[in-house]
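Asker: Have a look at this prediction, sequence included:
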Amino acid sequence: MDTTHSLLIAGLMLALHLGLQAVLMARALLRPHREPASRAAWVALILAVPLLGMLAYLLFGEVNIGARRAARLKGALAAMPPLARLTGAAALPQPTIPERHRHLFRLGESISGFPPVGGNRAVLMADSNAAIDALVADIDAAREHVHVLFYIWLPDRNGVRVVQALMRAAERGVLCRAMADDLGSRLLLRSEHWRRMADAGVRLARALPVGNPLLRALTGRIDLRNHRKIVVIDDWITYCGSQNCTDPEFRIKAKYAPWVDLMVRFEGPIARQNQHLFASDWMPHVEDDIAALLCRPLPAAPPGLGAQAVGTGPTLRWSAMPELFEALLYSARWELVITTPYYVPDESMQAALCACARRGVATTVVFPKRNDSWVVAAASHSYYAALLAAGVRIREYPDGLLHAKSLTLDGEVALIGSANMDRRSFELNYENNILVYDPDLTRVLRTRQQSWIDASEPVTAEAVAAWSRRRRLWNNAIGMLGPVL
């Protein structure tokens, strides 16, 4: 009897295991908006290492922010005014965008609903410390409100300088709202500085709070993060770029320092679009309706550059960020320069980048020589051979972690912001970028890119071919897991 009973229990356990395995494989195959390669990768993982693969799928296999969060986000967006009323005025300068580039801005408008708007001025900050200097000065000069949102906000020198500026502003009656990602900014959120801001009257919110990790995994993915970097001051000044609120020494990962970032300070109506993105993040987390800010008339703006904010995320159009990147790649006619720290593309983006070089466009991509993520580094290296064979020029920057996300196209169009060219930015993170048509700003950005190129080391096809078989095996094995990273 004992043997029979044991066999029965073992049989039931096996049946339960196989049943769960079959259910999860079916979910991987039936999940909408998933590439065939991603479906195959998940099925292979669940079959090859069943327990680990099933656990990985339960934790990371589906883009699910949680029903309650999704409902709050939907309610917040419904409470906002129609996008057509964002400017509060119909006479804002319209940007002059050549016909050859208008399709890019039409695509951007289809993602976030924001049309390109003129009347803006922009200044590229000299470096990370200069960006913080300018930000603190703007907060100190604020008259009405300051809104800040960062993925990583550290309690280091620059991080505390911004904390103190917000406290000063709040104490003199400026309405300050500050938001930080609950995972990326956990050191600041647990520090005295966060409590001191609250005591000074700064309104605070944690983006996508993790809570109990085990319970959180039951209601949504923990690694869906708010990766945005947004600052809006008095509805007229805004910052956009790759820079978090930290020192360039980035002491939590000091061996990769300095972090080399890019931040642009804008003045003009484009701030209203970033204001909308901030409100869409703020209102689902806090009982503080700021939708009325989006309807107020903006002052008259002199002629200036054309810009468009593009916000993406896991609860928005799933293909938005890849569509924008690919449209830019296919639009290049004579030159394309990209800097990104993390390159784990899908097949169509890799093909678009290769096709860009094959049709005679001078195509250059600059990566950091040392990456803070060994997984992403290996996956990125698996694409080098194909890129080089197509004629893409690859450079690796050795003087710190080149964290800037920038794209310049034909000396006229530029994309700056928080999004990397990897699947995390495509599917899992909330990102914000600004698409610009302006030869002058693009030339300044291109000059900055060239300074990184000049300091970088070229990667040759011969050097990649000389990599050991073990290294190529490792890179390709990790690259094969790209769809599940």
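Answerer: Thanks, I have the structure now. Worth saying up front: this structure is predicted, and the values here are computed from it rather than measured. Numbers count the residues shown, from 1 in each chain.
Asker: Let me see the ranges of the helices in the stretch 101-250 of the chain.
Answerer: 128-141, 157-171, 186-189, 192-200, 213-219 (DSSP state H, counting those that start in this stretch).
Asker: any chance of those helices in TSV, with mean neighbour count, distance to residue 72 and mean pLDDT too?
Answerer: Every residue, glycine included, has its C-beta placed from N, CA and C. Listed next are the helices of the stretch 101-250 of the chain as TSV, based on neighbours: other CB atoms under 10 Å; distance: least, CB to CB, whole Å; pLDDT from 0 to 100:
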stretch	mean neighbour count	distance to residue 72	mean pLDDT
helix 128-141	18	28	98
helix 157-171	20	25	98
helix 186-189	19	20	97
helix 192-200	16	22	98
helix 213-219	11	13	69
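Asker: between those helices, which gets nearest to residue 359?
Answerer: Of all the helices of the stretch 101-250 of the chain, helix 128-141 sits nearest to residue 359, with 36.2 Å by CB to CB.
Asker: elements contacting that closest one?
Answerer: Packing partners of helix 128-141 (3 or more CB pairs under 8 Å, 6 or more residues apart in numbering; DSSP states H and E): helix 157-171, strand 229-233, strand 237-241, strand 263-267.
Asker: out of the helices of the stretch 101-250 of the chain, nearest to residue 60?
Answerer: helix 213-219 (9.3 Å).
Asker: and the helices and strands packed on helix 128-141 as CSV, adding distance to residue 115?
Answerer: Converted to CSV, the helices and strands packed on helix 128-141 look like this (distance: least, CB to CB, whole Å):
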stretch, distance to residue 115
helix 157-171, 31
strand 229-233, 18
strand 237-241, 17
strand 263-267, 16
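Asker: Among the ones you listed, which comes closest to residue 388?
Answerer: strand 237-241 (28.8 Å).
Asker: just to revisit the earlier point, to residue 402, which of the helices of the stretch 101-250 of the chain lies closest?
Answerer: Across these, closest to residue 402 is helix 128-141 (CB to CB), at 12.3 Å.
Asker: Name the residues that touch that closest one?
Answerer: With contact meaning CB atoms under 8 Å, 6 or more residues apart in numbering, helix 128-141 is reached by 125, 146, 158, 161-162, 165-166, 168-169, 231, 233, 237, 239, 241, 243, 245-248, 258-261, 263, 265.
Asker: For residue 349, which of the helices of the stretch 101-250 of the chain is the nearest?
Answerer: Nearest of the helices of the stretch 101-250 of the chain (CB to CB): helix 128-141, 28.2 Å.
Asker: check contacts around residue 433.
Answerer: 240, 309, 310, 311, 312, 324, 415, 416, 417, 418, 419.
Asker: can you give me phi and psi for it?
Answerer: phi -140, psi 160 (degrees, to the nearest 10).
Asker: which helices and strands does the helix or strand where residue 366 lies pack with?
Answerer: Residue 366 is part of strand 362-368, with elements assigned from DSSP states H and E. Strand 362-368 makes packing contacts with strand 335-339, helix 347-358, strand 393-397, strand 401-402, helix 439-454 when contacts are defined by 3+ CB pairs under 8 Å, 6+ apart.
Asker: And that strand, what's buried?
Answerer: 363, 364, 365, 366, 367, 368 (16 or more other CB atoms under 10 Å).
Asker: Kindly report the same for stretch 291-299.
Answerer: 291, 293, 294, 298.
Asker: ok, so of the residues you listed, who is nearest residue 467?
Answerer: Taking the buried residues of stretch 291-299 together and measuring to residue 467 by CB to CB, the closest member is residue 294, at 52.2 Å.
Asker: Wait, the closest one touches residue 276, no?
Answerer: Yes: taking contacts as CB atoms under 8 Å, residue 294 lies within contact range of residue 276: 5.8 Å.
Asker: what about the protein, any weak spots by pLDDT?
Answerer: 1-2, 58-59, 83-91, 214-218, 482-485 (pLDDT under 70).
Asker: What strand or helix carries the spatially most central residue of it?
Answerer: The centroid of the chain falls nearest to residue 419 when counting by CA atoms, centre = their mean (3.2 Å). Using DSSP H and E, residue 419 sits within no helix or strand.
Asker: residues in contact with it?
Answerer: Residue 419 neighbours (CB under 8 Å, 6+ apart): 227, 312, 321, 405, 425, 429, 431, 433.
Asker: same thing with residue 314?
Answerer: Per CB under 8 Å, 6+ apart, neighbours of residue 314: 63, 65, 224, 427, 428, 429, 430.
Asker: The same query, at a cut-off of 6 Å, please.
Answerer: By CB atoms under 6 Å, 6 or more residues apart in numbering, residue 314 lies in contact with 63, 65, 224, 428.
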